[in-house]
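K.L.:
okay, predicted coordinates and the sequence, questions at the end:
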Amino acid sequence: MRTEPGRLHLLVSCALALMIFVALVQVHGQAPAAGGQEGQGQQAQAPPAPAGGRGLPGTESGWGSFQTRCYGCHGNPANTEAQSPVAIREMTPERIYAALTTGSMQAQSEGLSDIQKQRLAEFMAGRPLGSAAAGSASLMPNRCATNPPLADPAAGPGWNGWGNGLANTRFQGGAAAGLSPTDVPRLTLKWAFGYPTGLSANGQPTVVAGRVFVGSDNGFFYALDAKTGCVYWSFEQGSIVRNAPVVGAVTGQGATRYGVFFGDGHANVYALDAQDGRLLWTTKVDPHVVARITAGSAYHEGRLFVPVSSSEEWMSGTPDYPCCTSRGSVVALDASTGRQVWKAWVVPEEPMPHATNPNGVVLYKPAGAAVWTAPTVDPVRNAVYFGTGDSTTDPPAVASDGILAVDIDSGERLWSFQATEGDVFMGGCNGPDRSAACPDPMGPDADIGNSPILVSLPGGRRALLGGTKSADVFALDPDNDGALLYRINAAGGPVGRGRGGRGAIVWGGAADGRHVYYGAGAAGLVAVRQQTGEIAWTFRGPEGGRGISLGAAPTAIPGVVFEGAGNGTLFAVSAEDGRQLWSFDTSQEVETVNRQVAHGGAISVSGAVVVDGMVYIGSGYGIASGASGGNVLLAFGVD
């Protein structure tokens, strides 16, 4: 029911909405792309191809369809007969599936195929069917024989968090990498780990103290041996993890010395004992129904800096949706207790009612500017930097689509740089039945979805580097309130043109002291001289990169850059001239150490992790790519 109070109309309306919604989930369902680490930019994409016979990924697709076809019943507080979206999201996929097949919704779901019912259940629950029963390490044949005391994570080679350090350079030095340019062509697959029932490999691993810590879309978090892939333990958090964990010291937790920290698809932050996976604390950092954590957190001196994003804008232009109330933020938590220290909003004002749609749905503003990026920490300036998303409602936030700097102790705003002005964007505004909240004009959806990279320049100067969805690369002066040093277009086009050009920088970059490298999608992997902004070289793949999107976050070691592609290929190229050194097709079924049926697919968001002669990559991110999903973590080494 939308505006009429009759119960019969409510049941018929909701049943029809449900059937249309499920069909849309099967055919068109896509959630906002957000990652890195996730990154992290938000953009409409074609739905992924069926993966391994499982169909579309169910853990994230369909929220936009729910807004469009179901919110009129399930999001209307006056309709006490209908479950709220919050209540439905808290259900297990098995419970929802049972209601559709043998329970209270059996009559309403008549005519839907079984796979459609599965997809609905998996979307609403946020994890695949059967994952709770299949994902535990206790069921795996490759349990590690012993669990020796965890060494100091900072004492040996490691890659900790999204960018391998506070500056988010995504660079690994030669000693810690254990690989040279002459070694790279001899890389071979050493082991693979399959995420049971997984549909899309989202999380980037952290590797410290000889262990791999990684989350998945199946509701489980794992600790593995870095050399063999044997599993030490698992923890069931019950919701998708699509970010890079970070490991740091904790106090006041008994014998626990080190915690591993990560966020999930319901905006919960977890701290586990890195030794055995015991839960230390959990904190919900945002109560919004679709608030989420899609990027890695940063750890510094006992504090955790957590980015908060949202799926709200995907189809918020539907008249039944009370647009919009989510606001991007970074939250500082005490790493030992989970206590909130401060919260820095990108949109400082609390959204308030300002208008009403003809059907009576109340509209709110201001909103938007999600944070899709792992924060960068600058101890010199006592500052935290992070990229920001577009505004969802008018007026556009002054700190949207750019870089925001806040004080590390208080969260107070220091300065902001806006790469794209006036960007108010939401989905669902193209048809004739649209909300009064829809902006005019519609913005370009130009989120900054890549983490700022803090680098040193000759002469003692420093720069903060970032990229835009129009493939611009810009450098800011962190010691002069973010003053612009230079801005160029990595795809060879005009600067500041907005979206729609040949290239797009979304997920991240890497810097090695000479160059900054960005995966720019169709424009290829681009090397830019970080001091001047000049383009040094561009790699587009074999045969000029026909149909290959090189958009994942790159990773650099001395002399080599690793870059993932949307078709599942992992490339290694020379940092000197962009010449290809090695490649591996990950989009295939592989034998796994835990005897799971597993295959790779798109490498579209997270990048490679290089530690102690090994290269680790998650393969199968099908949520925001036309390539197939997958459920595998691959580990390469030199023969």
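P.N.:
Thanks, I have it.
K.L.:
only C-alpha atoms for contact and neighbour calcs from this point on.
P.N.:
Will do.
K.L.:
which SSE is residue 68 in?
P.N.:
Using DSSP states H and E, residue 68 maps to helix 63-69.
K.L.:
tell me the helices and strands packed up against whichever helix or strand comes after that helix.
P.N.:
The C-terminal neighbour of helix 63-69 among helices and strands, as given by DSSP H and E, is helix 71-74. Applying 3 or more Cα pairs under 8 Å, 6 or more residues apart in numbering; DSSP states H and E, we find helix 71-74 packed against helix 7-27.
K.L.:
repeat that with 10 Å
P.N.:
Helix 71-74 sits against helix 7-27, helix 63-69, helix 85-89, with contacts defined as 3 or more Cα pairs under 10 Å, 6 or more residues apart in numbering; DSSP states H and E.
K.L.:
what is the rounded mean pLDDT of that helix?
P.N.:
Averaged across helix 71-74, pLDDT comes to 77.
K.L.:
for that helix, list the C-alpha coordinates in CSV.
P.N.:
Extracted in CSV, the C-alpha atoms of helix 71-74 (Å, rounded to 0.1, in the frame of the first residue of the first chain):
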residue,chain,number,x,y,z
TYR,A,71,9.8,0.6,0.1
GLY,A,72,6.2,1.8,-0.3
CYS,A,73,5.1,-1.1,1.9
HIS,A,74,8.1,-2.2,3.9
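K.L.:
now it: how far from the chain's centre is it?
P.N.:
Chain-centre distance of helix 71-74: 28 Å, with Cα atoms, centre = their mean, to the nearest Å.
K.L.:
and for residue 154, the neighbour number?
P.N.:
Residue neighbour count, defined by other Cα atoms under 10 Å, stands at 13 for residue 154.
K.L.:
so what does it look like in phi/psi?
P.N.:
phi -90, psi 0 (degrees, to the nearest 10).
K.L.:
skipping its backbone neighbours, what lies nearest residue 402 in space?
P.N.:
Leaving aside its chain neighbours, residue 402 sits nearest to residue 418 (4.3 Å; criterion: Cα to Cα, 6 or more residues apart in numbering).
K.L.:
contacts only, for the one you found.
P.N.:
Applying Cα atoms under 10 Å, 6 or more residues apart in numbering to residue 418 gives the contacts 387, 388, 397, 398, 399, 400, 401, 402, 403, 404, 448.
K.L.:
my guess is the fifth one meets residue 385, correct?
P.N.:
No: between residue 399 and residue 385 there is no contact under Cα atoms under 10 Å: 11.9 Å.
K.L.:
mutual contacts of those two, please.
P.N.:
405, 415, 416.
K.L.:
from these, which land in strands?
P.N.:
405, 415, 416 (DSSP state E).
K.L.:
for those, give me TSV that also has pLDDT, neighbour count and distance to residue 247.
P.N.:
Listed next are those as TSV, based on pLDDT from 0 to 100; neighbours: other Cα atoms under 10 Å; distance: Cα to Cα, whole Å:
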residue	pLDDT	neighbour count	distance to residue 247
405	98	28	24
415	98	17	29
416	98	22	29
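K.L.:
residue 474: which of those is nearest?
P.N.:
residue 416 (13.8 Å; Cα to Cα).
K.L.:
please name the bridge partners of the closest one.
P.N.:
Taking DSSP bridges as the rule, residue 416 bridges to residue 404.
K.L.:
tell me the contacts of it?
P.N.:
So residue 416 contacts 346, 385-388, 398-400, 402-406, 481-483 (Cα under 10 Å, 6+ apart).
K.L.:
list buried residues within those.
P.N.:
Among these, the ones that count as buried by 16 or more other Cα atoms under 10 Å are 346, 385-388, 398-400, 402-406, 482-483.
K.L.:
so, low pLDDT: which residues of the stretch 401-550 of the chain?
P.N.:
498-501 (pLDDT under 70).
K.L.:
which stretches in it count as strands?
P.N.:
Per DSSP state E, counting those that start in this stretch, the stretch 401-550 of the chain carries strands over the ranges 402-407, 413-418, 453-456, 462-467, 472-477, 483-489, 509-511, 515-519, 525-529, 535-539.
K.L.:
now these in JSON lines, with distance to residue 295?
P.N.:
Converted to JSON lines, those look like this (distance: least, Cα to Cα, whole Å):
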{"stretch": "strand 402-407", "distance to residue 295": "15"}
{"stretch": "strand 413-418", "distance to residue 295": "20"}
{"stretch": "strand 453-456", "distance to residue 295": "15"}
{"stretch": "strand 462-467", "distance to residue 295": "16"}
{"stretch": "strand 472-477", "distance to residue 295": "21"}
{"stretch": "strand 483-489", "distance to residue 295": "25"}
{"stretch": "strand 509-511", "distance to residue 295": "14"}
{"stretch": "strand 515-519", "distance to residue 295": "17"}
{"stretch": "strand 525-529", "distance to residue 295": "22"}
{"stretch": "strand 535-539", "distance to residue 295": "26"}
